[in-house]
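Undergrad: I would like the atomic coordinates for the input below:
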Amino acid sequence: MKQSLPLAALCAFASLSNADITLKGAMTAGARLTVDGSITTGTNLTMGNDGIVWRSITACQTVSLGDRTLYTAVHATTLNKGSNVSGPALDPVSVCVAPDFNVGPFTPGTVGASVTNQGRLVLPAAARGDVSVQNQSTLILEPGLHEFKSLNVGPNCQIVFKPGSNLKVKGDFIASNTLRLTGDGAPYAALEVGGKLSVGTDAYFPMALIVGGSAAFTDRAYIRNLQAASLSLGNDCYVAGQSDIVLPTTKVFDDNFNTETSGWGYLSNQKTLTNWNIVAGTIDVDGYDDGFYGLDPAQGRMVDMTGSDASGTPGSISTKTIFPAGSYQIQFKLAGSLRSEVPYTYEVQVGFGNFTQAIGLTWNTPATLRTYNITLTKPSALTFKSLTTMGSYPANAASLWLDDVAVYKIVY
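TA: Predicted coordinates:
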């Protein structure tokens, strides 16, 4: 059926459905892109192999999908499909108006700020000039509106958003590899960039993002709620989903660790969990009956991803189950260290096939359920790995708590 519905109207409908990506221009993406929402572009959309879009794709011009792509609907002028693509026929759009949105106004200051290598800087909300964050450094944004003239970030850095903090960058936001935007306020913060946004590999952007210019992320980026002039994504990128998406699934793995031996002390590499191999470092298994850290009795047992031996070697665990290729939904809970004597942010990385995602939480973050939809292109185990290494005990003997891990096979 031909549509004469303007794309702007489609965008308005998509916004009611919590659309994840809205672009004035084109979008290109590499292999294994997963989008748990919808995509709306003003021109063309090109996706690599093995992608998934769980809501609709809407484009003013041509949509090109690589081999083995899964989608639910395409509204465009033309649809080009590779081999073994799953989804309904094209729903053509005859009249199309590209989406539009405004950025700014911006009122940055003139005096900049800089975080030196391996440094840490806390900034109160203010208007500033050019801001730079050098290698392996942390920038902490206090509550309120922060306005920068430009922002340049080196590799392996973290920007922590306190609750109530938002960031506006009038010019370009340029970042190297492994940038994490974290903190208790990050999922609720807004980041607005007037110029272009260019980010290296392994980026984590869990907040609403508006970019006046082009946005580009290389491999293994995590983003959500993005509006931009255009978008380029590398391989293995993930666009966060919405809680109201319900997929037909069958549970194939479930572990709440409640059957494990509980007690103070670590489990070494010579001692495995029932459903997991300890492949590196050490872990603890603790529960509310141990009397530590005020654990919620309803949680039962949980796994501390770094053991309590003095070496402080971060732990890494992998399921004994190897999951065959296919589409899956994984769920798990992560909590902060819950140790007030080490009030730091710790990170754990989840891995499943080509999908990897690092998650950083402050020490007092309660257990929160997280859900990801992932396509495996080859048989793989599910892994969790602590990424944070502290200098000395007890800080080096803490990490995030892991619990209630489940894997569901998505049934089409």
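Undergrad: and for the closest residue in space to Gly48 that isn't next to it in sequence, the neighbour number?
TA: Nearest residue to Gly48, sequence neighbours excluded (Cβ to Cβ, 6 or more residues apart in numbering): Ala31, at 3.9 Å. C-beta here means a position set from N, CA and C on the backbone, and glycine is covered the same way. When neighbours are counted by other Cβ atoms under 10 Å, Ala31 registers 19.
Undergrad: and for Asp255?
TA: Asp255: 22 neighbours (other Cβ under 10 Å).
Undergrad: list the contacts for it?
TA: Asp255 is in contact with 274-276, 404-406, counting by Cβ atoms under 8 Å, 6 or more residues apart in numbering.
Undergrad: what's the residue nearest to the spatial centre of the chain sitting at in phi/psi?
TA: Taking Cα atoms, centre = their mean, the centroid of the chain lies closest to Tyr222, which sits 3.6 Å from it. Backbone geometry at Tyr222, expressed as degrees, to the nearest 10, gives phi -120, psi 120.
Undergrad: so it sits right up against Ile359, yeah?
TA: No: Tyr222 is not in contact with Ile359 according to Cβ atoms under 8 Å; the separation is 9.2 Å.
Undergrad: between the two, what contacts are shared?
TA: By Cβ under 8 Å, 6+ apart, the residues touching both Tyr222 and Ile359 are Tyr204.
Undergrad: per-domain residue ranges of this structure.
TA: Split into domains by automatic domain parsing, the chain comes to 113-211, 250-410.
Undergrad: those helices in the chain, which residues are they?
TA: Secondary structure of the chain (DSSP state H): helices at 7-16.
Undergrad: contacts only, for Gly82.
TA: By Cβ under 8 Å, 6+ apart, the neighbours of Gly82 are 49, 65-69.
Undergrad: out of these, which comes closest to Thr78?
TA: Nearest to Thr78 out of the contacts of Gly82 is Leu65 (Cβ to Cβ; 11.5 Å).
Undergrad: kindly format the C-alpha coordinates of stretch 102-116 as CSV.
TA: Output of stretch 102-116 as CSV, limited to C-alpha atoms (Å, rounded to 0.1, in the frame of the first residue of the first chain):
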residue,chain,number,x,y,z
ASN,A,102,16.8,22.5,16.6
VAL,A,103,19.9,22.6,18.6
GLY,A,104,21.0,25.4,21.0
PRO,A,105,21.1,28.1,21.8
PHE,A,106,24.6,27.8,23.3
THR,A,107,26.2,30.3,25.7
PRO,A,108,29.6,28.9,26.6
GLY,A,109,32.2,30.8,28.6
THR,A,110,35.8,31.8,27.7
VAL,A,111,37.8,30.2,30.4
GLY,A,112,38.5,26.5,29.7
ALA,A,113,39.5,23.5,31.8
SER,A,114,41.9,20.6,31.4
VAL,A,115,42.3,17.2,33.1
THR,A,116,45.9,16.1,32.9
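Undergrad: pretty sure Lys170 contacts Gly212?
TA: No: using Cβ under 8 Å as the test, Lys170 is too far from Gly212 to be in contact (9.4 Å).
Undergrad: any idea what the residue lying closest to Val74 once chain neighbours are set aside is bridged to?
TA: Excluding the flanking residues, the one nearest Val74 by Cβ to Cβ, 6+ apart is Ile57, at 4.7 Å. As for beta bridges, Ile57 partners with Ile39, Val74 under DSSP bridges.
Undergrad: just to revisit the earlier point, which neighbours do Lys170 and Gly212 have in common?
TA: 104, 194-195.
Undergrad: can you give me the strands for the stretch 251-400 of the chain?
TA: 266-267, 276-280, 283-287, 301-304, 316-319, 326-335, 346-352, 355-361, 368-376, 382-386 (DSSP state E, counting those that start in this stretch).
Undergrad: picking that back up, what sits opposite the residue nearest to the centre of the chain in the beta ladder?
TA: Tyr204, Tyr238.
Undergrad: look at it and report its pLDDT.
TA: With respect to pLDDT, Tyr222 has a value of 86.
Undergrad: and if you look at Cys11?
TA: pLDDT, Cys11: 31.
Undergrad: how about Tyr204?
TA: pLDDT, Tyr204: 86.
Undergrad: thinking again about what came up before, turn the strands of the stretch 251-400 of the chain into JSON lines, including mean neighbour count, distance to Ser86 and mean pLDDT.
TA: Formatted as JSON lines, those follow (neighbours: other Cβ atoms under 10 Å; distance: least, Cβ to Cβ, whole Å; pLDDT from 0 to 100):
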{"stretch": "strand 266-267", "mean neighbour count": "20", "distance to Ser86": "42", "mean pLDDT": "44"}
{"stretch": "strand 276-280", "mean neighbour count": "18", "distance to Ser86": "33", "mean pLDDT": "89"}
{"stretch": "strand 283-287", "mean neighbour count": "23", "distance to Ser86": "39", "mean pLDDT": "76"}
{"stretch": "strand 301-304", "mean neighbour count": "24", "distance to Ser86": "36", "mean pLDDT": "82"}
{"stretch": "strand 316-319", "mean neighbour count": "21", "distance to Ser86": "27", "mean pLDDT": "93"}
{"stretch": "strand 326-335", "mean neighbour count": "20", "distance to Ser86": "10", "mean pLDDT": "87"}
{"stretch": "strand 346-352", "mean neighbour count": "21", "distance to Ser86": "21", "mean pLDDT": "89"}
{"stretch": "strand 355-361", "mean neighbour count": "21", "distance to Ser86": "19", "mean pLDDT": "84"}
{"stretch": "strand 368-376", "mean neighbour count": "18", "distance to Ser86": "11", "mean pLDDT": "81"}
{"stretch": "strand 382-386", "mean neighbour count": "23", "distance to Ser86": "24", "mean pLDDT": "94"}
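Undergrad: relative to Pro187, which of those strands is closest?
TA: Of these, nearest to Pro187 by Cβ to Cβ is strand 368-376, at 9.7 Å.
Undergrad: what packs against the closest one?
TA: Judged by 3 or more Cβ pairs under 8 Å, 6 or more residues apart in numbering; DSSP states H and E, the packing partners of strand 368-376 are strand 34-35, strand 52-59, strand 326-335, strand 346-352, strand 355-361.
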